[in-house]
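Enquirer: Turn this into a structure:
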Amino acid sequence: MTVSSDVRRITDTMAAFIGHGAKNLPDDVLKALETLRSKEDDPLALEIYDLMFRNLKLARELDRPTCQDTGFLQFWIRCGSGFPFIADLEEALTQAVIEATASTPLRSNVVETFDENNTGNNTGTGAPTFWWDIVPGWDGCEIYTYMAGGGCSLPGHAMVLMPGQGYEAAVRFVLDRMTSYGLNACPPLFVGVGIGNSAETAALNAKKALMRPIGSHNENEKAAAMEKLLEDGINAIGFGPQGMGGRYSVTGVNVVSTARHPACMGIAVTVGCWSHRRGCIVFDRDLNYEVRTHSGFSAEYSSHDSGSDQSSSFGKAGAAND
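Expert: Model (predicted):
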């Protein structure tokens, strides 16, 4: 098989996977929504949950995206240094976005700044977004796809706390932002909190936190306690599904942190809406793949078992960097 046909195989598989993720929620997200519905007793909240699940059913039956805002495509790439197609990935994924936009179809959401023209195919200057982690000594590649919505994960918030404000200020920052930002982001929300050396590292950590499975916990006991504290606090706000009131407002809270300067602490929060469309697919060097987020996905071009024993950097609770 020639290199060009291998790259075509990556493009075709990823175009299919992007389209599947637009129409089908990840298994853990679906399970979390079912759990919240089963615990809810507010009549209006229950009616909204019923409408959500009717929406998901119609999306499957009509082969349509679960939300009209199919987001801005973002990719977290955790690639082994020995993966044969490392140099071709960005081009292949960009082409996959173009093809998925037409075939799914996805709404055209990329507008060139200042020119104010919609590109029509969800690509453009810096679009889609790519973040890379290179893993020495591995020949596979893990790709997280994420459809970042215009009302949820894209309008995240980040700042740097001053010395002495401590972790109490970090908690206060998240809860303060949730009282307005969270209400507009189509709850119940999956909340990602990042702590780091600066505003930009905290923001990236918050986005990484959204890639971790719902129900996972940070390996650091103090960080895990913050996750529970924030989950209880945001639920206590009481905006419920779609902000119409209810007992539960979040499907979970994940915290990801990295080391920082002793004089300051970056803090950031971002959220996934109830239709939290992230996906994870892992390729081996022969382009066999394993999907870790969605059951039932298949593409024409490769088998389901990658044979890889590499665990996900996001799937391991609390693993910010490998």
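Enquirer: All the strands of the stretch 201-322 of the chain, residue numbers only.
Expert: 250-257, 265-272, 278-283, 289-291 (DSSP state E, counting those that start in this stretch).
Enquirer: Against which helices or strands is the third one packed?
Expert: Secondary structure elements in contact with strand 278-283, counted by 3 or more Cβ pairs under 8 Å, 6 or more residues apart in numbering; DSSP states H and E, are helix 3-23, strand 141-148, helix 199-211, strand 289-291. For every residue, glycine as well, the C-beta is placed using N, CA and C.
Enquirer: if we can go back for a sec, tell me which of the strands of the stretch 201-322 of the chain lies nearest to Ala158.
Expert: Closest to Ala158 of those, according to Cβ to Cβ: strand 265-272, at 3.6 Å.
Enquirer: helices or strands next to the closest one in the packing?
Expert: strand 157-161, helix 166-178, strand 189-196, helix 199-211.
Enquirer: just the ones you listed: most buried one?
Expert: Stretch with highest mean neighbour count among these: strand 189-196 (a mean of 27; mean count of other Cβ atoms under 10 Å).
Enquirer: What pairs with it, parallel or antiparallel?
Expert: Strand partners for strand 189-196, identified by DSSP bridges, are recorded as strand 250-257 (parallel), strand 265-272 (antiparallel).
Enquirer: re the thing from before, out of the strands of the stretch 201-322 of the chain, flag the one nearest Leu56.
Expert: Judging the strands of the stretch 201-322 of the chain by Cβ to Cβ, what sits closest to Leu56 is strand 250-257, at 14.4 Å.
Enquirer: now the closest one against helix 166-178, angle please.
Expert: Note on geometry: by axes from the mean of the first three to the mean of the last three Cα atoms, to 10 degrees, strand 250-257 and helix 166-178 are set 140 degrees apart in direction.
Enquirer: please renumber so the chain begins at 23
Expert: Fine by me, first position is 23 from now on; the one you just mentioned is strand 272-279.
Enquirer: if we look at strand 272-279, which residues are touching it?
Expert: Contacting residues not belonging to strand 272-279 are listed as 51, 54-55, 58, 209-218, 227-228, 230-232, 234, 236-238, 240, 242, 245-246, 248-250, 252-253, 256-257, 296, 298, 340, 342 [Cβ atoms under 8 Å, 6 or more residues apart in numbering].
Enquirer: Just the CA trace of that strand, in PDB.
Expert: In PDB, the C-alpha atoms belonging to strand 272-279 read as follows (Å, rounded to 0.1, in the frame of the first residue of the first chain):
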ATOM      1  CA  VAL A 272     -23.600  19.000  36.100                       C
ATOM      2  CA  THR A 273     -22.700  15.500  34.700                       C
ATOM      3  CA  GLY A 274     -19.300  15.900  36.500                       C
ATOM      4  CA  VAL A 275     -16.300  18.100  37.200                       C
ATOM      5  CA  ASN A 276     -12.800  17.200  36.200                       C
ATOM      6  CA  VAL A 277      -9.700  19.000  37.400                       C
ATOM      7  CA  VAL A 278      -6.300  18.900  35.600                       C
ATOM      8  CA  SER A 279      -3.300  20.700  37.000                       C
END
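Enquirer: Dihedrals phi and psi, the nearest residue to Pro48 once chain neighbours are set aside?
Expert: On the basis of Cβ to Cβ, 6 or more residues apart in numbering, the spatially nearest residue to Pro48 that is not a chain neighbour turns out to be Thr315, at 4.1 Å. For Thr315, the backbone dihedrals (degrees, to the nearest 10) come out as phi -120, psi -30.
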